[in-house]
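Novice: Dropping a prediction and its sequence here:
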Amino acid sequence: LCYPCRMSHPTVTTLEQRLNFLNYGIFLQALVATLGSLYFSTYGDPVANLMSGRLFPTSGGFEPCELCWFGRILMYPLVLISGVALLKEDRKFTDYVLPLSIPGLALGFYHYGLQKFAFPNPFRCTAANPCSALQVDYLGFITIPFLEFVAFTVITGLAIWQVKTRRALAAANKHNVKED
């Protein structure tokens, strides 16, 4: 293939490498988000903990609000789904990731809106643990729901890219495109 053709039509090897990168990216983002969620609820604010010299204090975790629990319900299975998919080399696992990550993305956006933009709240958040509470607020905009939104956005974006790469790989294999 000529150089411009190679640029517009990635090789099978390139597509397979990209697919592996995307698969690991989904797993790692879900794992970091899950561990971060567990850290916040067990130990509280990591920045404040680091500044006090106790990264793992014996008390001080944040109680998750109702919307945080919904976010966890959508995020935690992604670690298992993507982890098992990596072990089994299942390239179609994003078919199971997207139905969890897209609602999670919407939930994270809505939850962040409750905190920063006074969105209406039809949920049963309690006065003792309101969904609009700011447990952390780094740089004036980074909150726990913001981190949730970013994590689901990254996972959704990687999963969509993975689906497109998977389709391109199937087409390249069908047309038997090989490196020169």
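Specialist: Ah, there it is.
Novice: Low-confidence ranges, the protein, go.
Specialist: 1-9, 176-180 (pLDDT under 70).
Novice: Walking through this structure, point out its helices one by one.
Specialist: For the chain, the helices defined by DSSP state H occupy 3-8, 12-43, 46-52, 66-88, 94-116, 144-174.
Novice: Reformat those as a markdown table; add mean neighbour count.
Specialist: For glycine as for every other residue, the C-beta is placed from the backbone atoms N, C-alpha and C. As requested, those are exported to a markdown table (neighbours: other CB atoms under 10 Å):
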| stretch | mean neighbour count |
| --- | --- |
| helix 3-8 | 9 |
| helix 12-43 | 18 |
| helix 46-52 | 12 |
| helix 66-88 | 18 |
| helix 94-116 | 20 |
| helix 144-174 | 19 |
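Novice: need those helices in JSON lines with distance to P130, can you?
Specialist: Output for the helices of the chain, formatted as JSON lines (distance: least, CB to CB, whole Å):
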{"stretch": "helix 3-8", "distance to P130": "52"}
{"stretch": "helix 12-43", "distance to P130": "16"}
{"stretch": "helix 46-52", "distance to P130": "20"}
{"stretch": "helix 66-88", "distance to P130": "10"}
{"stretch": "helix 94-116", "distance to P130": "8"}
{"stretch": "helix 144-174", "distance to P130": "12"}
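Novice: Any idea which of the ones you listed gets closest to V136?
Specialist: Taking CB to CB, helix 144-174 is the member of these nearest to V136, at 6.2 Å.
Novice: list the contacts for G44?
Specialist: Residues near G44 by CB atoms under 8 Å, 6 or more residues apart in numbering: 57, 60-62, 135.
Novice: so who does the closest residue to A168 other than its chain neighbours touch?
Specialist: Of all residues not flanking A168 in the chain, L15 sits nearest, at 5.6 Å (CB to CB, 6 or more residues apart in numbering). L15 makes contacts with 165, 168-169, 172, as judged by CB under 8 Å, 6+ apart.
Novice: Closest to E89 out of those?
Specialist: Ranked by distance to E89 (CB to CB), the contacts of L15 are led by L169 at 13.3 Å.
Novice: For the closest one, list the residues it contacts.
Specialist: Per CB under 8 Å, 6+ apart, neighbours of L169: 12, 15-16, 19.
Novice: Turn those residues into TSV, including distance to L67.
Specialist: Output for the contacts of L169, formatted as TSV (distance: CB to CB, whole Å):
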residue	distance to L67
V12	43
L15	38
E16	39
L19	33
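Novice: Stretch 154-165: how far from the chain's middle?
Specialist: Relative to its chain's centre, stretch 154-165 lies at 11 Å (CA atoms, centre = their mean, to the nearest Å).
Novice: just to revisit the earlier point, filter the contacts of G44 to the buried ones?
Specialist: By neighbour count, with 16 or more other CB atoms under 10 Å, these hold 62, 135 as buried.
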